[in-house]
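Engineer: How does the following fold in three dimensions:
(one chain, ligands or ions: 1)
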Amino acid sequence: MDKSDIFQDPDLDQVFMTDENVLSDIIELCDLKKSETVLEIGSGPGNLTEALAAKCKKVVTIEIDERRKDELEKKFSGKNVQIVWGNALEILEKKSVRFDRIVANPPYAISEALIKALFRHDFISSILTLPSKFVERLAANPEEDRYSRLSLFSQAFFKIETLLRVEKSAWTPSPDTSSFVVKLTPRKPADSRELLLREMSLQDDKKLKNALRDAMSKSDGKTKRSAMEVIRNAGVPKKLLDKKISEIGLRDIMEVAAKFGGKKYKLVAFDLDGTLIDEKECIWKIIHDHVGTDPKIREDLMEKFFSGKITYADWAYHDIERWKEMGVTMDTLAKKVKEFRLMPGAMETLKTLKKKGYKLALISGSIGIVLDTFIPDAHRIFDHVVINRLTFEDDGKITGIDVPEDYKEKESKARSLERIASLEGVSPEECVFVGDSDNDFDVMKVSGLSIGFMPTKKISSVSDVIIKKKDVREIMKYLNDGQHNPL
Ligand code: SAH
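Structural biologist: The predicted structure follows:
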């Protein structure tokens, strides 16, 4: 073997970063502290090692090629550098080295295996120079063709930032590809879906059903047996459940993760008219039309409200005054309301949700009499009701209207949802809102899952899910097939 063979072995990706400027750019990006221990993978001639050692407490550098022993040990003798001889992947698997951060120009051939090994480690950040195509795949978003299992799993563990492009000319000899310096920062799992993805990637030598079972019994103390029952009843093909995770394609992994690791919704809030009640027109308009309120007065009031000249409560008081003048009584309202219908599946859905332990809310701009007519036991079904309430004399004459506190200034269903969520100790992210018309716009924006139920165009634009079938039961599909989240 001649000396040049020993010097740079292409089989070991011995391509060295010789551009001093790029080396110092990388050091700059690392933001190292004097108290930190840095792990390097693939020491090579020790050029990056040396630059790192100047900036931190200690560098632990792993090198597989013992032909470099004399050179490296001499270079770092008496310095804050510990050289570990061996295969970095095996050493990481054994967890036999301790470190705060990783900074490395690792051999390209182990890129994917290295990232996967990092799933099992905790560190402040990892700054790695990797082939540009690989980094693009790592950081790809789901809309891109290069999005892969690697992207999905890696992004479930790390915040991934591409920091710097490194040209081929920064290396000796020049490699076939340019590279990127990428920073991986471990973070807390954002939700139960991410938690499940992590679990799946860590157990990818297991069959899907067993990994799911273990994840479930670990996360919510289910027995293995009852966890398996949930899995079998969830409608995942048996063939898929029996596959090893490492052999399952991207799309199937994503579907399984969404199915079993969907967000944990705790509260479902409904709009009334047009959602639980099969009537597109709102009660206000129907009564006005019925008694023939002067359209000019109505338009004028609406304009004043929408331009902010009067409050929502003022608007309601004015409307009620018109109705009083026109002799509207409880009877008039009751007769009109009786022409409405409950939406198909409404009661069944409310009862199922209640049984499953969801908190239920009704947030409506309608009038109490509509609710009382169709859901007389609303006070037992809903944990919270926000709706306008008319007051009457004994003979049925209208005396006034109570506008919910949340609406007084401006009808804000978002404010109601946020208030109710906080009373229940959940975040709006954990709430579902089901609605159809434009006054649901603000609440649809703040709720974790917004379901547009045969929605207007404006509401479609903020709906996570759009239901076109006139059946409230359809919403159960989006709450994990009606199953409570196993995770
Ligand atoms: N960090 C140096 C060297 C990069 S070349 C630089 O920036 O210039 C990659 C180095 O990793 C080579 O020295 C090679 O011998 C080493 N190497 C290859 N496979 C390895 C493995 N599995 N574990 C540890 N080192 C490895």
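
Engineer: Okay, domains of this protein per the record?
Structural biologist: Domains of the chain are assigned by automatic domain parsing as 3-186, 192-260, 267-483.

Engineer: count of residues packed around Lys356?
Structural biologist: 13 (other C-beta atoms under 10 Å). Just so you know, the C-beta spots here come from the backbone N, C-alpha and C atoms, and that holds for glycine as well.

Engineer: Grab the nearest non-local neighbour of the closest residue to the ligand within the stretch 301-450 of the chain.
Structural biologist: Of all residues in the stretch 301-450 of the chain, Glu429 sits closest to the ligand, at 42.3 Å by C-beta to the nearest ligand atom. Take Glu429 and drop its neighbours on the chain: the residue closest to it by C-beta to C-beta, 6 or more residues apart in numbering is Gly448, 4.0 Å away.

Engineer: Surely the one you found and Cys431 touch.
Structural biologist: Yes. Gly448 is in contact with Cys431 according to C-beta atoms under 8 Å; the separation is 5.7 Å.

Engineer: of those two, who's got more company?
Structural biologist: Neighbour totals were compared for Gly448 and Cys431, and Cys431 leads with 26 against 20 (other C-beta under 10 Å).

Engineer: which residues touch that one?
Structural biologist: Tyr265, Lys266, Leu267, Val268, Ala269, Leu417, Ala421, Ser447, Gly448, Leu449 (C-beta atoms under 8 Å, 6 or more residues apart in numbering).

Engineer: The helix or strand encompassing Lys324 - contacts with which helices or strands?
Structural biologist: Taking DSSP states H and E as the criterion, Lys324 maps to helix 312-325. In terms of contacts (3 or more C-beta pairs under 8 Å, 6 or more residues apart in numbering; DSSP states H and E), helix 312-325 is packed against helix 283-291, helix 295-306, strand 398-402.

Engineer: name the helices or strands packed onto the next helix or strand after the shortest one?
Structural biologist: Looking back up the chat, that one is strand 398-402. Heading C-terminal from strand 398-402, the first helix or strand you meet, by DSSP H and E, is helix 413-424. The contact analysis (3+ C-beta pairs under 8 Å, 6+ apart) places helix 413-424 against strand 267-270, strand 359-367, strand 384-392, strand 431-435, helix 441-446.

Engineer: outside of helix 413-424, which residues touch it?
Structural biologist: Contacts for helix 413-424 (C-beta under 8 Å, 6+ apart): 266-267, 269, 271, 359, 361, 363, 365, 383-384, 386, 404, 406-407, 427-428, 430-431, 433, 435, 439-440, 442-443, 445-447.

Engineer: coming back round to it: what about the helix holding Lys324, distance to the chain center?
Structural biologist: 43 Å (C-alpha atoms, centre = their mean, to the nearest Å).

Engineer: got it, and stretch 120-134?
Structural biologist: Using C-alpha atoms, centre = their mean, the mean C-alpha position of stretch 120-134 is found 23 Å from that of the whole chain.

Engineer: Same check on stretch 365-372?
Structural biologist: Relative to the centre of its chain, stretch 365-372 is centred 35 Å away, using C-alpha atoms, centre = their mean.

Engineer: Buried residues of that stretch, list them for me.
Structural biologist: Going by neighbour count (16 or more other C-beta atoms under 10 Å), the buried part of stretch 365-372 is Gly365, Ser366, Ile367, Gly368, Ile369, Val370, Leu371, Asp372.

Engineer: Can you lay out these as CSV showing distance to the ligand and pLDDT?
Structural biologist: Output for the buried residues of stretch 365-372, formatted as CSV (distance: C-beta to the nearest ligand atom, whole Å; pLDDT from 0 to 100):
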residue, distance to the ligand, pLDDT
Gly365, 64, 93
Ser366, 67, 94
Ile367, 72, 95
Gly368, 71, 95
Ile369, 75, 95
Val370, 70, 96
Leu371, 68, 97
Asp372, 72, 96
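
Engineer: Export those residues as JSON lines, with columns for distance to Leu241.
Structural biologist: Shown next, in JSON lines, are the buried residues of stretch 365-372 (distance: C-beta to C-beta, whole Å):
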{"residue": "Gly365", "distance to Leu241": "46"}
{"residue": "Ser366", "distance to Leu241": "46"}
{"residue": "Ile367", "distance to Leu241": "51"}
{"residue": "Gly368", "distance to Leu241": "49"}
{"residue": "Ile369", "distance to Leu241": "51"}
{"residue": "Val370", "distance to Leu241": "47"}
{"residue": "Leu371", "distance to Leu241": "44"}
{"residue": "Asp372", "distance to Leu241": "48"}
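
Engineer: between these, which is closest to Phe157?
Structural biologist: Nearest to Phe157 among the buried residues of stretch 365-372, counting by C-beta to C-beta, is Gly365 at 44.2 Å.

Engineer: Export the helices and strands packed on helix 413-424 to JSON lines and append columns for distance to Leu164.
Structural biologist: Converted to JSON lines, the helices and strands packed on helix 413-424 look like this (distance: least, C-beta to C-beta, whole Å):
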{"stretch": "strand 267-270", "distance to Leu164": "45"}
{"stretch": "strand 359-367", "distance to Leu164": "49"}
{"stretch": "strand 384-392", "distance to Leu164": "52"}
{"stretch": "strand 431-435", "distance to Leu164": "41"}
{"stretch": "helix 441-446", "distance to Leu164": "37"}
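
Engineer: looking at these, which is closest to Met326?
Structural biologist: Using C-beta to C-beta, the nearest of the helices and strands packed on helix 413-424 to Met326 is strand 384-392, at 14.3 Å.

Engineer: residues from this structure in reach of the ligand?
Structural biologist: Proximity of the chain to the ligand, by C-beta under 6 Å from any ligand atom, involves residues 12-17, 41-44, 47-48, 62-65, 87-89, 105, 107, 110.

Engineer: at 8 Å what do you get?
Structural biologist: 9, 12-18, 23, 40-49, 62-65, 68, 86-91, 104-107, 109-110, 129, 171 (C-beta under 8 Å from any ligand atom).

Engineer: Now restrict those residues to buried residues only.
Structural biologist: For these, a burial check counting by 16+ other C-beta under 10 Å picks out 12-17, 23, 40-49, 62-65, 68, 88-89, 91, 104-107, 110, 129, 171.

Engineer: For Lys34, find the nearest of the helices and strands packed on helix 413-424.
Structural biologist: In terms of C-beta to C-beta, the element of the helices and strands packed on helix 413-424 nearest to Lys34 is helix 441-446, at 44.7 Å.

Engineer: Check which helices and strands that closest one sits against.
Structural biologist: Counting contacts by 3+ C-beta pairs under 8 Å, 6+ apart, helix 441-446 packs against helix 413-424, strand 431-435, strand 449-453, helix 457-460.
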